[in-house]
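> need a structure here:
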Amino acid sequence: MPEYVQQDQPEGVPPLKLTGERTLPDVPEENYWYRRHLAVYEWIAERCAGLRVVDLACGEGYGADLLAETAAEVIGVDANPQAHEHASLRYCRGNLSFRRALVEEFREPVDAVVFLQTIEHIQDPGSLLERIAEVAPVAYISTPNRLTLAPPGAEKSGNPWHIREYDAIEYRDLLTARYDRVEILGVYHARRLRVHELAIRLGWDRIHPAARLTKPFYGRFIPAISSRDFKLARGDLDKALDFLAICRR
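Next up, the predicted model:
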């Protein structure tokens, strides 16, 4: 497997390697996944204006930095030493700080918890959700949809970092056991990615390899994807790419 490393980092900021555990900006080959996650952060940021927010498992830090554009204060928490160092050096705002710690260790009262694309990595998600419910009245928690991520009938995808993946019913059951009100939105393709979906249905995956267009086409297409090529909506959750749960106690 080729090794991908972040490109064009600011002076003094060590680039991170792509391992599959977390997504990264500034890696052209990873842009689809980065923009898919960024779309959710942007949606949440609009609802966190003026709030004190913690971004648990913040990874590289791009999401915490985006939240800090509108929030009164953002705390990014991640246990990985390389990610913590990178985030602390790259994202510098007066209302943004980073802490190296396990997500289970965070106990400070905040207005909102953001916990994206990580619950599937947790050995005991129920206990962690109870702790999250104790520190904030609202939590934004996302996870991939097993039905669209894993092969048909499989218990999980091949991602080695995932302990358990959920369908919509399983995910709702997990959350409603700890929260009084749970709303789940789906993340779906939009704009050019929706057109790409339709092209695949019409046979595009047979055409581009035969015409030797795969590398030149996707070498341009993937880096051009933006967060606007995804949408959050109420819809058929079985067809969603990811779930975003808005949980209130």
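> all contacts plus neighbour counts: C-alpha atoms, from now on.
Noted.
> Grab the longest strand from the chain for me.
Using DSSP state E, we find that the single longest strand of the chain is strand 181-189.
> Which strands or helices does that strand pack on?
Judged by 3 or more Cα pairs under 8 Å, 6 or more residues apart in numbering; DSSP states H and E, strand 181-189 is in contact with helix 168-176, strand 230-233, strand 242-248.
> For the chain, which helix extends over the most residues?
The single longest helix within the chain, with elements called by DSSP state H, is helix 31-45.
> I'd like to know which elements it is packed against.
Applying 3+ Cα pairs under 8 Å, 6+ apart, one finds that helix 31-45 contacts helix 62-67, helix 214-224, strand 230-233.
> Redo those as JSON lines? Include mean neighbour count, distance to residue 197 and mean pLDDT.
JSON lines is the format used below for the helices and strands packed on helix 31-45 (neighbours: other Cα atoms under 10 Å; distance: least, Cα to Cα, whole Å; pLDDT from 0 to 100):
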{"stretch": "helix 62-67", "mean neighbour count": "24", "distance to residue 197": "27", "mean pLDDT": "98"}
{"stretch": "helix 214-224", "mean neighbour count": "13", "distance to residue 197": "13", "mean pLDDT": "96"}
{"stretch": "strand 230-233", "mean neighbour count": "19", "distance to residue 197": "12", "mean pLDDT": "98"}
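> For residue 52, which of those is the nearest?
Of all the helices and strands packed on helix 31-45, it is helix 62-67 that lies closest to residue 52, at 10.1 Å by Cα to Cα.
> and among the helices and strands packed on strand 181-189, the most buried is which?
Comparing those by mean neighbour count (mean count of other Cα atoms under 10 Å), strand 242-248 comes out on top with a mean of 23.
> Adjacent strands (with direction) for it?
Sheet pairing here is set by DSSP bridges, and for strand 242-248 it gives strand 138-144 (antiparallel), strand 181-189 (antiparallel).
> Neighbours of residue 21, how many?
14 (other Cα atoms under 10 Å).
> Tell me if it really is in a helix.
No. Using DSSP: H, G, I helix; E, B strand; the rest coil, the assignment for residue 21 is coil, not a helix.
> Does it touch residue 161 like I think?
Yes. The pair residue 21 and residue 161 passes the contact test of Cα atoms under 8 Å, sitting 6.0 Å apart.
> From residue 71, how far off is residue 36?
Residue 36 sits 21 Å away from residue 71, going by Cα to Cα, to the nearest Å.
> Tell me how many other residues crowd residue 154.
By other Cα under 10 Å, 11 other residues sit near residue 154.
> Next one: it from residue 162, what distance?
Distance of residue 154 to residue 162, computed by Cα to Cα: 13 Å.
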